[in-house]
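Quick one: sequence plus predicted model below, questions after.
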Amino acid sequence: MKAPGDALKVQFTGYQKLVVGMLAFLQFAVIVDFMLMSPLGAVIMPALTIDAAQFGSVVSGYAFAAGISGFLTAGFADRFDRKKLLLFFYSGFVLGTLWCGLAQSFESLLIARIVTGLFGGVIGSVVLAIATDLFAPQLRGRVMGLIQASFAGAQVLGIPIGIWLSNRWNWHVPFIALSVIAVIVGVFIAWRLRPVTDHLAARQDHSAFRHLFDTLREPRYLMAFVTVMFLATGGFMLMPFSSAFTVHNLGIDLAHLPTIYLVTGVATIFVGVLAGRASDRFGKVRVFFSGTALTIVMVLVYTHLGPTPLVWVTLINVVLFIGIFSRMIPFQAFMTQIPSLQQRGSFNAINASIQQLSGGLASLVAGHIVLVAADGKIEHYDVAGYVVVATSLLTAFLVWRLARSHVPAQCA
């Protein structure tokens, strides 16, 4: 049995480093595509003459399409070479992104976002399955840290560049540019990524529906799915109103919002790598509990702030995201220990689906909790914060139960 501290003695091969880079880009592309809609909303709505409700439909259309796609794909996820499955959904994602860039009406944009969600929503689950297949448990914390650093990269590079392209030309250009870059990287992935087929030897010869049913009824999987649901619900509760809260409640003007995102994004790139290494060295569950404790404290601090200087708001955001990443990265690495080899694809597809649907549900619930006052201030944001604290505690309890009952001690 290997002690957690021995994990860092296991090193990446040259090919594994290349794979991590490719998987990180895939996550980067999906995240940029998803996150670009919100900052471009102020430009898209007048350009297409659509109202806030219609724009909300465009944003939520992606999330719900991705959630449905996960369930539809789960039964087939372990029946094919994961490379071929990845390239299939990646191709659909690229076409959907290009369609977004070419859309000239509300209806066209809505359909484009649904198509993008149907394909893009599955990419994350295939990425996790490939990472689990190709990397030993002692390496997965670092792998997840590097892959999740793509979120910060999207915040630091993708979104500011996308906004600049939109301001320089129009809102179509960022999506077209992303699709062009994605095509180039897709060709490289098709060339260099080797087939991922070990799971096929262990595949049970059942129908796709039976495979999905077997995955859903497995007791330890059910507990894992519930855990993911509460984690995602808490994670999406504050996000939709964070910018408005920062501007109207904390007194930070719009011109300084990019500064907060930039500093926070740069910090979380390093945090992601360090959290991954810490997960391998000290144990994934220990790091997750530490990240949860820090997140709870910072959520309570953040949601109770009044007018605050820019420096303090930036510092608080950085520490809050340190807590969030120190939670998410070890959690994802920990979850790779749950499914069996022949059910990794279906398990991850259902997981991704639950995350998307829970995130959409959390946004709707948050919309009924908080209120926008006449002066633009966000009211009852602290109540949403209490919900995040409650779901964080419940998630921690469920992770403890999973670690105790279903995961080998040397892997947790």
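Received, thanks. Numbering: from 1, shown residues only.

going forward, measure contacts and count neighbours with C-alpha atoms only.
OK.

Surely residue 358 and residue 233 touch.
Yes - judged on CA atoms under 8 Å, residue 358 makes contact with residue 233 at a distance of 5.3 Å.

residue ranges with poor pLDDT in the stretch 201-350 of the chain?
Applying pLDDT under 70 to the stretch 201-350 of the chain flags residues 202-209, 211, 235, 240-241, 254.

what separates residue 114 from residue 61, distance-wise?
For residue 114, the distance to residue 61 (CA to CA, to the nearest Å) stands at 5 Å.

Could you check how far the helix or strand residue 325 falls within is from the centre of its chain?
For residue 325, the host element (DSSP states H and E) is helix 310-335. Distance of helix 310-335 from its chain centroid, counting by CA atoms, centre = their mean, to the nearest Å, is 13 Å.

Mind giving me the packing neighbours of it?
In terms of contacts (3 or more CA pairs under 8 Å, 6 or more residues apart in numbering; DSSP states H and E), helix 310-335 is packed against helix 137-153, helix 257-282, helix 284-303.

switch the cut-off to 10 Å
Counting contacts by 3 or more CA pairs under 10 Å, 6 or more residues apart in numbering; DSSP states H and E, helix 310-335 packs against helix 106-134, helix 137-153, helix 219-237, helix 257-282, helix 284-303, helix 344-369, helix 381-405.

Any chance of JSON lines for those, columns distance to residue 30 and mean neighbour count?
Shown next, in JSON lines, are the helices and strands packed on helix 310-335 (distance: least, CA to CA, whole Å; neighbours: other CA atoms under 10 Å):
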{"stretch": "helix 106-134", "distance to residue 30": "6", "mean neighbour count": "24"}
{"stretch": "helix 137-153", "distance to residue 30": "10", "mean neighbour count": "27"}
{"stretch": "helix 219-237", "distance to residue 30": "17", "mean neighbour count": "21"}
{"stretch": "helix 257-282", "distance to residue 30": "17", "mean neighbour count": "22"}
{"stretch": "helix 284-303", "distance to residue 30": "25", "mean neighbour count": "21"}
{"stretch": "helix 344-369", "distance to residue 30": "13", "mean neighbour count": "24"}
{"stretch": "helix 381-405", "distance to residue 30": "25", "mean neighbour count": "19"}
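
Columns distance to residue 337 on top of these, output as JSON lines?
Shown next, in JSON lines, are these (distance: least, CA to CA, whole Å):
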{"stretch": "helix 106-134", "distance to residue 337": "8"}
{"stretch": "helix 137-153", "distance to residue 337": "8"}
{"stretch": "helix 219-237", "distance to residue 337": "11"}
{"stretch": "helix 257-282", "distance to residue 337": "13"}
{"stretch": "helix 284-303", "distance to residue 337": "11"}
{"stretch": "helix 344-369", "distance to residue 337": "10"}
{"stretch": "helix 381-405", "distance to residue 337": "10"}
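
For residue 378, see how far away residue 372 is.
Following CA to CA, the distance that separates residue 372 from residue 378 is 5 Å.

Apologies, that question was intended for residue 46.
Where residue 378 is concerned, residue 46 sits at a distance of 24 Å (CA to CA).

same thing with residue 223?
35 Å.

about what we covered before: so which of the helices and strands packed on helix 310-335 is nearest residue 54?
With CA to CA, the closest approach to residue 54 among the helices and strands packed on helix 310-335 belongs to helix 106-134: 7.7 Å.

among the helices and strands packed on helix 310-335, which is nearest residue 213?
helix 344-369 (10.0 Å).

Show me what the closest one is packed up against.
With contacts defined as 3+ CA pairs under 10 Å, 6+ apart, helix 344-369 has these neighbours: helix 52-74, helix 106-134, helix 208-217, helix 219-237, helix 310-335, helix 381-405.

Now do the shortest one against helix 52-74, angle only.
Orientation note: helix 208-217 sits at an angle of 100 degrees relative to helix 52-74 (axes from the mean of the first three to the mean of the last three CA atoms, to 10 degrees).

what's near enough to touch the nearest residue to residue 271 once chain neighbours are set aside?
Nearest non-adjacent residue to residue 271, counting by CA to CA, 6 or more residues apart in numbering: residue 322, 6.3 Å away. Going by CA atoms under 10 Å, 6 or more residues apart in numbering, residue 322 touches 264, 267-272, 275, 291, 294-295, 298, 316.

Out of those, which comes closest to residue 196?
Checking these one by one against residue 196 (CA to CA), the nearest turns out to be residue 272, at 26.0 Å.

Surely that closest one touches residue 291?
No - if you go by CA atoms under 10 Å, residue 272 and residue 291 don't touch, sitting 11.8 Å apart.

Now list whatever residues contact both of those two.
With CA under 10 Å, 6+ apart as the test, residue 272 and residue 291 both reach 321-322, 324-326, 328-330.

For these, which single residue is the most surrounded?
residue 329 (33 neighbours; other CA atoms under 10 Å).
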